[in-house]
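Asker: everything below, folded, please.
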Amino acid sequence: MLVLNKPIRVNKHVITVFRVLIHLTALLWLGLVYLDGLNGNLPGDPVQYLIEFSGKGAINLLLICLVISPLAKQFKFAQLIKFRRTTGVYAALYAVFHLYIFISYELQFEWGLVFSEIIERPYITVGFITLSILLALAVTSPSTVKRKMGKHWQQLHNWVYPASILAIVHFWWSLKSEWSEPLVYLICLLLLLALRYKKLIPARRKTGNV
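Answerer: Below you'll find the model as predicted:
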(Lines give C-alpha, C1' and ligand atoms only; values in the text may rest on other atoms or scores of the structure.)
Protein backbone atom coordinates (compact mmCIF):
# COMPACT_ATOMS: atom_id res chain seq x y z
CA MET A 1 0.00 0.00 0.00
CA LEU A 2 1.24 3.45 -0.91
CA VAL A 3 2.56 5.45 2.04
CA LEU A 4 3.62 9.05 1.73
CA ASN A 5 6.38 10.43 3.95
CA LYS A 6 5.38 14.03 3.50
CA PRO A 7 1.95 15.15 4.75
CA ILE A 8 -0.49 16.37 2.11
CA ARG A 9 -1.90 19.81 2.59
CA VAL A 10 -4.04 21.81 0.18
CA ASN A 11 -5.27 25.39 0.13
CA LYS A 12 -8.25 26.04 2.41
CA HIS A 13 -10.21 27.35 -0.57
CA VAL A 14 -9.91 23.94 -2.22
CA ILE A 15 -11.39 22.36 0.91
CA THR A 16 -14.24 24.87 0.79
CA VAL A 17 -14.94 24.10 -2.87
CA PHE A 18 -15.04 20.36 -2.20
CA ARG A 19 -17.30 20.86 0.80
CA VAL A 20 -19.72 22.91 -1.31
CA LEU A 21 -19.62 20.21 -3.99
CA ILE A 22 -20.53 17.56 -1.41
CA HIS A 23 -23.50 19.65 -0.24
CA LEU A 24 -24.70 20.30 -3.78
CA THR A 25 -24.26 16.72 -4.91
CA ALA A 26 -26.02 15.19 -1.90
CA LEU A 27 -28.92 17.65 -1.89
CA LEU A 28 -29.44 18.02 -5.63
CA TRP A 29 -29.23 14.28 -6.27
CA LEU A 30 -31.81 13.58 -3.57
CA GLY A 31 -34.05 16.43 -4.70
CA LEU A 32 -33.91 15.59 -8.40
CA VAL A 33 -34.64 11.90 -7.86
CA TYR A 34 -37.59 12.84 -5.64
CA LEU A 35 -38.93 15.23 -8.30
CA ASP A 36 -38.57 12.49 -10.91
CA GLY A 37 -40.66 10.29 -8.65
CA LEU A 38 -43.37 12.94 -8.30
CA ASN A 39 -43.42 13.43 -12.06
CA GLY A 40 -43.56 9.72 -12.80
CA ASN A 41 -40.16 9.63 -14.47
CA LEU A 42 -38.69 6.79 -12.42
CA PRO A 43 -38.57 3.21 -13.71
CA GLY A 44 -40.85 0.57 -12.25
CA ASP A 45 -42.52 1.31 -8.92
CA PRO A 46 -41.46 4.90 -8.08
CA VAL A 47 -42.10 4.49 -4.34
CA GLN A 48 -39.96 1.37 -4.16
CA TYR A 49 -37.30 3.10 -6.26
CA LEU A 50 -37.17 6.05 -3.83
CA ILE A 51 -37.05 3.74 -0.81
CA GLU A 52 -34.15 1.78 -2.30
CA PHE A 53 -32.35 4.90 -3.53
CA SER A 54 -32.46 6.64 -0.15
CA GLY A 55 -31.60 3.50 1.80
CA LYS A 56 -28.61 2.63 -0.35
CA GLY A 57 -27.59 6.28 -0.34
CA ALA A 58 -27.50 6.27 3.45
CA ILE A 59 -25.35 3.12 3.51
CA ASN A 60 -22.98 4.46 0.85
CA LEU A 61 -22.53 7.71 2.77
CA LEU A 62 -21.89 5.77 5.97
CA LEU A 63 -19.17 3.74 4.27
CA ILE A 64 -17.63 6.91 2.83
CA CYS A 65 -17.69 8.43 6.32
CA LEU A 66 -15.88 5.39 7.71
CA VAL A 67 -13.24 5.29 4.98
CA ILE A 68 -12.18 8.93 5.45
CA SER A 69 -10.14 8.44 8.63
CA PRO A 70 -8.09 5.46 7.30
CA LEU A 71 -7.38 7.39 4.08
CA ALA A 72 -6.39 10.51 6.00
CA LYS A 73 -4.04 8.46 8.15
CA GLN A 74 -2.59 6.40 5.30
CA PHE A 75 -1.83 9.39 3.09
CA LYS A 76 -1.13 11.85 5.91
CA PHE A 77 -3.91 14.06 4.64
CA ALA A 78 -5.42 15.41 7.86
CA GLN A 79 -7.68 17.87 6.05
CA LEU A 80 -9.78 14.96 4.79
CA ILE A 81 -11.21 14.66 8.29
CA LYS A 82 -13.14 17.88 7.63
CA PHE A 83 -15.42 15.91 5.29
CA ARG A 84 -16.25 13.17 7.75
CA ARG A 85 -18.92 15.05 9.66
CA THR A 86 -20.54 16.28 6.45
CA THR A 87 -20.93 12.80 4.98
CA GLY A 88 -22.17 11.45 8.30
CA VAL A 89 -24.88 14.09 8.53
CA TYR A 90 -26.00 13.38 4.98
CA ALA A 91 -26.16 9.67 5.78
CA ALA A 92 -28.66 10.58 8.51
CA LEU A 93 -30.56 12.85 6.10
CA TYR A 94 -30.90 10.10 3.50
CA ALA A 95 -32.05 7.71 6.25
CA VAL A 96 -34.71 10.23 7.34
CA PHE A 97 -35.87 10.55 3.72
CA HIS A 98 -35.95 6.74 3.51
CA LEU A 99 -38.33 6.61 6.47
CA TYR A 100 -40.37 9.55 5.15
CA ILE A 101 -41.04 7.82 1.82
CA PHE A 102 -42.07 4.64 3.62
CA ILE A 103 -44.42 6.42 6.03
CA SER A 104 -45.94 8.86 3.55
CA TYR A 105 -46.38 6.70 0.45
CA GLU A 106 -46.45 3.12 1.73
CA LEU A 107 -48.40 3.72 4.96
CA GLN A 108 -50.18 6.98 4.06
CA PHE A 109 -49.35 8.53 7.46
CA GLU A 110 -51.53 6.00 9.28
CA TRP A 111 -49.65 6.33 12.56
CA GLY A 112 -51.21 3.32 14.23
CA LEU A 113 -49.99 1.23 11.31
CA VAL A 114 -46.59 2.95 11.43
CA PHE A 115 -46.03 2.00 15.08
CA SER A 116 -47.28 -1.55 14.58
CA GLU A 117 -44.94 -1.99 11.59
CA ILE A 118 -41.97 -0.77 13.65
CA ILE A 119 -42.82 -3.12 16.52
CA GLU A 120 -44.00 -6.20 14.63
CA ARG A 121 -41.70 -6.34 11.60
CA PRO A 122 -38.13 -7.04 12.75
CA TYR A 123 -36.33 -5.58 9.74
CA ILE A 124 -38.24 -2.31 10.21
CA THR A 125 -37.40 -2.38 13.93
CA VAL A 126 -33.71 -2.69 13.03
CA GLY A 127 -34.04 0.14 10.51
CA PHE A 128 -35.71 2.39 13.08
CA ILE A 129 -32.98 1.69 15.64
CA THR A 130 -30.37 2.52 13.00
CA LEU A 131 -32.08 5.80 12.16
CA SER A 132 -32.31 6.73 15.84
CA ILE A 133 -28.56 6.22 16.24
CA LEU A 134 -27.75 8.23 13.11
CA LEU A 135 -29.96 11.10 14.25
CA ALA A 136 -28.26 11.13 17.66
CA LEU A 137 -24.87 11.31 15.92
CA ALA A 138 -26.04 14.03 13.54
CA VAL A 139 -27.49 16.36 16.17
CA THR A 140 -24.37 16.03 18.34
CA SER A 141 -21.91 16.49 15.46
CA PRO A 142 -21.33 20.29 15.76
CA SER A 143 -18.03 21.30 17.36
CA THR A 144 -19.78 23.22 20.15
CA VAL A 145 -21.68 20.10 21.19
CA LYS A 146 -18.50 18.05 20.98
CA ARG A 147 -16.72 20.41 23.38
CA LYS A 148 -19.60 20.36 25.85
CA MET A 149 -19.90 16.57 25.83
CA GLY A 150 -16.17 16.00 26.32
CA LYS A 151 -15.15 12.35 26.41
CA HIS A 152 -18.80 11.27 26.21
CA TRP A 153 -18.95 12.61 22.65
CA GLN A 154 -16.55 9.98 21.37
CA GLN A 155 -18.31 7.25 23.30
CA LEU A 156 -21.55 8.21 21.58
CA HIS A 157 -20.02 8.56 18.12
CA ASN A 158 -18.44 5.13 18.31
CA TRP A 159 -22.01 3.95 17.77
CA VAL A 160 -21.46 4.68 14.08
CA TYR A 161 -19.99 1.15 13.87
CA PRO A 162 -23.02 -0.80 15.13
CA ALA A 163 -25.26 1.60 13.19
CA SER A 164 -23.43 0.69 9.98
CA ILE A 165 -23.83 -3.01 10.69
CA LEU A 166 -27.51 -2.59 11.52
CA ALA A 167 -28.09 -0.58 8.33
CA ILE A 168 -26.76 -3.45 6.22
CA VAL A 169 -28.73 -6.01 8.26
CA HIS A 170 -31.87 -3.92 7.64
CA PHE A 171 -31.16 -3.86 3.91
CA TRP A 172 -30.37 -7.58 3.79
CA TRP A 173 -33.44 -8.50 5.84
CA SER A 174 -35.73 -6.39 3.66
CA LEU A 175 -34.91 -8.46 0.58
CA LYS A 176 -36.74 -11.68 -0.17
CA SER A 177 -34.07 -12.79 -2.64
CA GLU A 178 -30.92 -11.61 -4.42
CA TRP A 179 -28.68 -10.94 -1.44
CA SER A 180 -25.51 -10.25 -3.41
CA GLU A 181 -25.72 -6.46 -3.01
CA PRO A 182 -25.98 -6.36 0.81
CA LEU A 183 -23.24 -9.01 0.90
CA VAL A 184 -20.94 -6.64 -1.01
CA TYR A 185 -21.79 -3.87 1.45
CA LEU A 186 -21.07 -6.19 4.37
CA ILE A 187 -17.68 -7.21 2.97
CA CYS A 188 -16.75 -3.54 2.44
CA LEU A 189 -17.81 -2.71 5.99
CA LEU A 190 -15.86 -5.61 7.48
CA LEU A 191 -12.75 -4.48 5.61
CA LEU A 192 -13.17 -0.99 7.00
CA LEU A 193 -13.67 -2.33 10.51
CA ALA A 194 -10.57 -4.50 10.10
CA LEU A 195 -8.58 -1.33 9.47
CA ARG A 196 -9.79 -0.09 12.85
CA TYR A 197 -9.50 -3.29 14.87
CA LYS A 198 -7.13 -1.74 17.40
CA LYS A 199 -9.53 1.08 18.09
CA LEU A 200 -12.46 -1.29 18.42
CA ILE A 201 -10.73 -3.28 21.20
CA PRO A 202 -12.55 -2.00 24.30
CA ALA A 203 -11.35 -0.64 27.61
CA ARG A 204 -7.59 -0.97 27.34
CA ARG A 205 -7.27 1.92 24.91
CA LYS A 206 -8.28 5.49 25.02
CA THR A 207 -10.88 6.25 22.42
CA GLY A 208 -9.60 8.02 19.34
CA ASN A 209 -11.35 9.69 16.40
CA VAL A 210 -14.20 7.99 14.57
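
Asker: lowest-pLDDT helix or strand in the chain?
Answerer: helix 197-200 (a mean of 63; mean pLDDT, DSSP states H and E).

Asker: which helices and strands does the helix or strand where residue 28 lies pack with?
Answerer: Assigned by DSSP states H and E, residue 28 belongs to helix 12-38. Judged by 3 or more C-beta pairs under 8 Å, 6 or more residues apart in numbering; DSSP states H and E, helix 12-38 is in contact with helix 46-74, helix 84-101. (C-beta placed from N, C-alpha, C; glycine too.)

Asker: repeat the analysis, applying 6 Å as the threshold.
Answerer: helix 46-74 (3 or more C-beta pairs under 6 Å, 6 or more residues apart in numbering; DSSP states H and E).

Asker: and the helix it packs on, what's buried?
Answerer: Residues of helix 46-74 classed as buried by neighbour count (16 or more other C-beta atoms under 10 Å): 46, 49-69, 72.

Asker: please apply the same query to stretch 142-160.
Answerer: Neighbour-count burial for stretch 142-160, counted by 16+ other C-beta under 10 Å, picks out 146, 153, 156-160.

Asker: just the ones in helices from those, please.
Answerer: Per DSSP state H, helices hold the following members of the buried residues of stretch 142-160: 146, 153, 156-157, 160.

Asker: tell me the one of those residues nearest residue 35?
Answerer: Lowest distance from residue 35 to these (C-beta to C-beta) belongs to residue 160, with 30.5 Å.

Asker: please report how far residue 151 lies from residue 27.
Answerer: To residue 27, residue 151 is 33 Å away according to C-beta to C-beta, to the nearest Å.

Asker: run a quick neighbour tally on residue 7.
Answerer: Residue 7 sits with 10 neighbouring residues when counted by other C-beta atoms under 10 Å.

Asker: picking that back up, give me the angle between the helix holding residue 28 and helix 84-101.
Answerer: 10 degrees (axes from the mean of the first three to the mean of the last three C-alpha atoms, to 10 degrees).
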